[in-house]
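> Give the three-dimensional model of this entry:
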Amino acid sequence: MQETIETRIRRLEALVAIERLIADLGRAFDSGPSAQALRALFAEDATFEIDRYGTLTGRDAIAEGVAGNADTGFSWTLHYLVSPRIDLSSDLASAEIGFMLWEPASAASGKAYWIGGSYAARAAEIGGQWQFTWLRLNAELISHYPEGWHDMPAALAEA
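The predicted model follows:
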């Protein structure tokens with residue numbers, strides 16, 4: 001059966017909204033991280049499984065847990081969330097999602113790290129807004145970068 005133009009438009013709008021949800025996740029992680037920004041991205045009863053590091057259940061626990069990690073875990077991050085694969089449900093109300101992670105980070109100790117892995121997720125449109133209902137990080141690479149991050153070379157700062 002052929003989809004109507006309205007259904008096709010709804011499908012495209014859902015895909016764009018989910019891609020934005022993924023982008024907003026990276027920005028929320030990298031902005032402190034921001035508990036306020038994270039809260040808006042997760043359903044009230046969402047779950048975030050963080051590889052072998054634990055599980056956070058509920059929007060508030062996720063937001064506070066991730067934001068609280070900056071003091072003892074990673075104090076600075078730069079998430080590159082790429083190659084999203086979005087499989088929408090037939091009613092366009094939920095989706096199964098996968099995307100990749102590449103991330104330079106600094107630990108609270110000041111040590112630099114490279115992190116790589118993948119995310120698996122489920123999202124749903126709740127009250128007109130797409131939110132994660134389940135998110136799992138599979139950290140496949142966490143490698144110390146002993147040289148650490150450097151300041152910008154003076155020649156580039158003058159350009």
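> going forward, measure contacts and count neighbours with C-alpha atoms only.
Will do.
> what distance separates stretch 15-22 from the centre of its chain?
Stretch 15-22 sits 11 Å away from the centroid of its parent chain (Cα atoms, centre = their mean, to the nearest Å).
> Which parts of that stretch count as buried, going by neighbours?
For stretch 15-22, burial by neighbour count (16 or more other Cα atoms under 10 Å) applies to 15, 17-19, 21-22.
> What residues of the helix or strand bottoming out on mean pLDDT in the chain count as buried?
Across the helices and strands of the chain, mean confidence by mean pLDDT, DSSP states H and E is lowest for helix 154-158: a mean of 81. Neighbour-count burial for helix 154-158, counted by 16+ other Cα under 10 Å, picks out no residue.
> Could you do stretch 4-13 as well?
So, applying 16+ other Cα under 10 Å, buried residues of stretch 4-13: residue 11.
> Output it as PDB - backbone C-alpha positions only.
What follows is stretch 4-13, C-alpha atoms only, in PDB (Å, rounded to 0.1, in the frame of the first residue of the first chain):
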ATOM      1  CA  THR A   4       0.000   9.300   1.500                       C
ATOM      2  CA  ILE A   5       1.900  12.500   1.100                       C
ATOM      3  CA  GLU A   6       0.900  13.500   4.700                       C
ATOM      4  CA  THR A   7       2.300  10.200   6.000                       C
ATOM      5  CA  ARG A   8       5.500  10.700   4.100                       C
ATOM      6  CA  ILE A   9       5.900  14.200   5.500                       C
ATOM      7  CA  ARG A  10       5.200  13.000   9.000                       C
ATOM      8  CA  ARG A  11       7.900  10.300   8.500                       C
ATOM      9  CA  LEU A  12      10.400  12.900   7.300                       C
ATOM     10  CA  GLU A  13       9.500  15.300  10.200                       C
END
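> quick one: contacts of that stretch?
Applying Cα atoms under 8 Å, 6 or more residues apart in numbering, the contact partners of stretch 4-13 are 88, 92.
> what's the answer for stretch 96-113, then?
Applying Cα under 8 Å, 6+ apart, the contact partners of stretch 96-113 are 70-89, 114-123, 142-149.
> and those residues, which of them are in strands?
Secondary structure defined by DSSP state E assigns 74-77, 80-88, 114-123, 142-144 of those to strands.
> Can you tell me which residue is spatially central in this structure?
The chain has residue 25 as the residue nearest its centroid, 3.7 Å off, counting by Cα atoms, centre = their mean.
> Residue 66: what's it in contact with?
29, 33, 35.
> again, 7 Å this time
Contacts for residue 66 (Cα atoms under 7 Å, 6 or more residues apart in numbering) come out as residue 33.
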